[in-house]
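# Return a 3D structure for these sequence lines:
(one chain, ligands or ions: 1)
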Amino acid sequence: MRFDTKLVRLGQEPEPGTGDVVPPIHVAATYERRVQDPPRYFYGRGENPTREGLERCLAGLEEVRFAAAFASGQAAGMAALSALPRGARLVASDDVYGGTRALFGLLERQGVRVEHADLSDPAAVAAAFAEPAAMAWIETPTNPMLRIADLADVAGRAHEAGATVLVDNTFAGPALQRPLRFGADVTLYSTTKSIAGHSDVLGGALVCDDERLHREFTAYRAAAGAVPSPFDCFLVHRGLRTLALRTERQVANAARIVAALRESPYVGAVHYPGLPGHPGRRVAARQMTSPGSVLSFEYLGDAEKLMDRVRLFTCAVSLGGVLSLMEVPALMTHAGVDPGVRRALGITDRLVRVSAGIEDPADLVADLTAALRPDTEGEQTEGEQEDDR
Ligand SMILES: *Cc1c(COP(=O)(O)O)cnc(C)c1O
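Prediction:
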């Protein structure tokens, strides 16, 4: 079965007995214990057929044996990190997701050493893994600067340092990038984003082929109770069925948005791995099937006012879904990041992140083009300010 077929079919087999073409949502919290022929199911926190259907699909998409679904991306992240002992060294991308930084903060309190490195820079990668590490935590493309790490190179060096390699693949999603093929040990998803795709459910997942790791993740999940509800699993799995179609449209829309931004006199740098000048373009082309649906740009006017002027784009955090969203990382997703760190990463107050949805591209471009033009009264672009001097 090819990828697009698996999306629609895996873990959604018609129900034996009734022939329902969509399996029912199994809501039971506990299962009858029969002495003769005891069932595989014992208690809802440990096992649930609706959750298992979703997990079969997620594992199959990456051609491995195991996937564990969680209540959120954060819960999946905590499960992946929970086994790190005191004193363990964790090396992570420098512009990781804001919530991941918060998670790392919890671990540091328990004595885990967290170090950040620019994993899009081969020299920084070599330096970071010159000494032993317990885990590598990679994001590519990064958020919100869209830097690209070479997965095969980072995974190779991290393994030499003795690390378990985890890739937070939420940004690209499994349709655009499958990190386990490039040597990663674990893929993490916030299924809240492109996998569920409709901004109506939270979820997470850890996908791997290593039975020992998978057992660790599910043992943590059962002990900590970080389980997704059966209804949430149904929603995530239902969204997943259209991932390929949605992604295709979102990527096409992102390309149209990028083209409009590059023509605008009110826009500075545009960050998108599909652009000719992007430093990670060649690596992205090797490990991703397309440059994706998320991009960021430097607005030359007041970014907060731009958020007020857009009509169709919704100003909100999150990404990868059917709705086109826009946000100002310095004020929203990365507001909690130390201002100095933010500056070093290039996250200015004028940086705007866009997640392309599936609306008609002509409507998106018209909305954006109109909104980019600053109000004549009381708002100036950087260029106009310079003219005044
Ligand atoms: C949203 C997100 C998470 C956290 O997922 P939740 O489902 O919100 O808990 C982790 N990593 C990345 C890259 C994300 O975008």
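
# Do I have it right that residue 169 meets residue 180?
No. Judged on Cβ atoms under 8 Å, residue 169 makes no contact with residue 180 at a distance of 9.2 Å. No exception for glycine: its C-beta is placed from N, CA and C like everyone else's.

# any idea which helix or strand carries residue 67?
Residue 67 is part of strand 66-70 when elements are defined by DSSP states H and E.

# what's that strand in contact with?
The contact list for strand 66-70, computed with Cβ atoms under 8 Å, 6 or more residues apart in numbering, reads 51, 54-59, 76, 79, 191, 203-211, 214, 217-218, 221, 226-228, 233, 236.

# repeat that with 6 Å
With contacts defined as Cβ atoms under 6 Å, 6 or more residues apart in numbering, strand 66-70 is touched by 51, 54-55, 58-59, 76, 204-208, 214, 217-218, 226, 228.

# circling back to that earlier point, so for residue 169 and residue 180, which sits in the more crowded spot?
The residue with more neighbours, out of residue 169 and residue 180, is residue 169; 28 against 21, by other Cβ atoms under 10 Å.

# Roughly how far does the closest residue in space to the more buried one that isn't next to it in sequence sit from residue 20?
Among residues not flanking residue 169 along the chain, residue 187 sits closest, at 4.9 Å (Cβ to Cβ, 6 or more residues apart in numbering). Computed as Cβ to Cβ, to the nearest Å, the residue 187 to residue 20 distance reads 30 Å.

# ok, those two, which is more surrounded?
Neighbour totals were compared for residue 187 and residue 20, and residue 187 leads with 26 against 10 (other Cβ under 10 Å).

# How about residues contacting the longest helix seen in the chain?
For the chain, the longest helix by residue count, based on DSSP state H, is helix 243-263. Here helix 243-263 makes contact (Cβ under 6 Å, 6+ apart) with 4, 7, 175, 197, 267, 270, 272, 290, 293, 295, 297, 356, 358, 361, 365, 368-369.

# when you check these against the helices, which ones overlap?
In helices, defined here by DSSP H, the members of the contacts of helix 243-263 are 4, 7, 361, 365, 368, 369.

# Closest to the ligand out of those residues?
residue 7 (19.8 Å; Cβ to the nearest ligand atom).

# residues near the closest one, how many?
By the criterion of other Cβ under 10 Å, residue 7 has 23 neighbours.

# So for it, what's the pLDDT?
pLDDT, residue 7: 98.

# which ones are touching it?
Contact analysis of residue 7 by Cβ under 6 Å, 6+ apart lists 241, 243, 244.

# If we check the ligand, which of the residues you listed are in contact?
Among these, not one lies near the ligand by Cβ under 6 Å from any ligand atom.

# Which of these ranks first by neighbour count?
Busiest of the contacts of residue 7 [other Cβ under 10 Å] is residue 243, holding 23 neighbours.

# how much space is there between that residue and the ligand?
Using Cβ to the nearest ligand atom, to the nearest Å, residue 243 is found at 16 Å from the ligand.

# and what of residue 72?
For residue 72 relative to the ligand (Cβ to the nearest ligand atom), the value is 3 Å.

# thinking that residue is in contact with residue 196, fair?
No. Counting by Cβ atoms under 6 Å, residue 72 stays clear of residue 196, with 11.2 Å between them.

# In terms of packing, which of those two has more residues around it?
Legend: neighbour count by other Cβ under 10 Å for residue 72 and residue 196, higher for residue 196 (24 against 19).

# List the residues that contact the more buried one.
By Cβ under 6 Å, 6+ apart, the contact set of residue 196 is 236, 239.

# and residue 143, how many residues sit next to it?
Residue 143: 25 surrounding residues under other Cβ under 10 Å.

# Now do the SS call for it.
What DSSP: H, G, I helix; E, B strand; the rest coil gives for residue 143 is coil.

# which ones are touching it?
Residues in contact with residue 143 (Cβ under 6 Å, 6+ apart) are residue 97.

# returning to what we had before: okay if I get the contacts of residue 7 as a markdown table plus pLDDT?
Shown next, in a markdown table, are the contacts of residue 7 (pLDDT from 0 to 100):
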| residue | pLDDT |
| --- | --- |
| 241 | 98 |
| 243 | 98 |
| 244 | 98 |
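
# for the residues you listed, which one is nearest residue 350?
residue 243 (32.5 Å; Cβ to Cβ).

# Against residue 11, how distant is that closest one?
Distance of residue 243 to residue 11, given as Cβ to Cβ: 14 Å.

# which residues are in contact with stretch 305-323?
For stretch 305-323, contacts defined as Cβ under 6 Å, 6+ apart pick out 193-194, 197-199, 294, 299, 324-327, 332-333, 355, 357-358, 363, 367, 371, 379.

# How about the single nearest residue of the chain relative to the ligand, nearest residue that isn't a chain neighbour?
For the chain and the ligand, the shortest gap (Cβ to the nearest ligand atom) falls at residue 73, measuring 2.2 Å. Excluding the flanking residues, the one nearest residue 73 by Cβ to Cβ, 6+ apart is residue 190, at 2.6 Å.

# I'd guessed that neighbour sits against residue 71; true?
No. The pair residue 190 / residue 71 is not scored as a contact, 11.0 Å apart, by Cβ under 6 Å.

# export the longest helix of the chain as PDB, just CAs?
Provided in PDB are the C-alpha atoms of helix 243-263 (Å, rounded to 0.1, in the frame of the first residue of the first chain):
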ATOM      1  CA  LEU A 243      -3.800  14.600   5.100                       C
ATOM      2  CA  ALA A 244      -2.400  14.100   1.600                       C
ATOM      3  CA  LEU A 245      -5.100  16.200  -0.100                       C
ATOM      4  CA  ARG A 246      -4.900  19.000   2.500                       C
ATOM      5  CA  THR A 247      -1.100  19.100   2.300                       C
ATOM      6  CA  GLU A 248      -1.100  19.400  -1.400                       C
ATOM      7  CA  ARG A 249      -3.400  22.400  -1.400                       C
ATOM      8  CA  GLN A 250      -1.700  24.000   1.600                       C
ATOM      9  CA  VAL A 251       1.700  23.800  -0.100                       C
ATOM     10  CA  ALA A 252       0.400  25.200  -3.300                       C
ATOM     11  CA  ASN A 253      -1.200  28.100  -1.300                       C
ATOM     12  CA  ALA A 254       2.000  28.700   0.600                       C
ATOM     13  CA  ALA A 255       3.800  29.100  -2.800                       C
ATOM     14  CA  ARG A 256       1.200  31.700  -3.900                       C
ATOM     15  CA  ILE A 257       1.600  33.500  -0.600                       C
ATOM     16  CA  VAL A 258       5.400  33.500  -0.900                       C
ATOM     17  CA  ALA A 259       5.200  34.900  -4.400                       C
ATOM     18  CA  ALA A 260       2.800  37.700  -3.300                       C
ATOM     19  CA  LEU A 261       5.100  38.600  -0.300                       C
ATOM     20  CA  ARG A 262       8.200  38.800  -2.600                       C
ATOM     21  CA  GLU A 263       6.400  41.300  -4.800                       C
END
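
# This completes my enquiry, with thanks.
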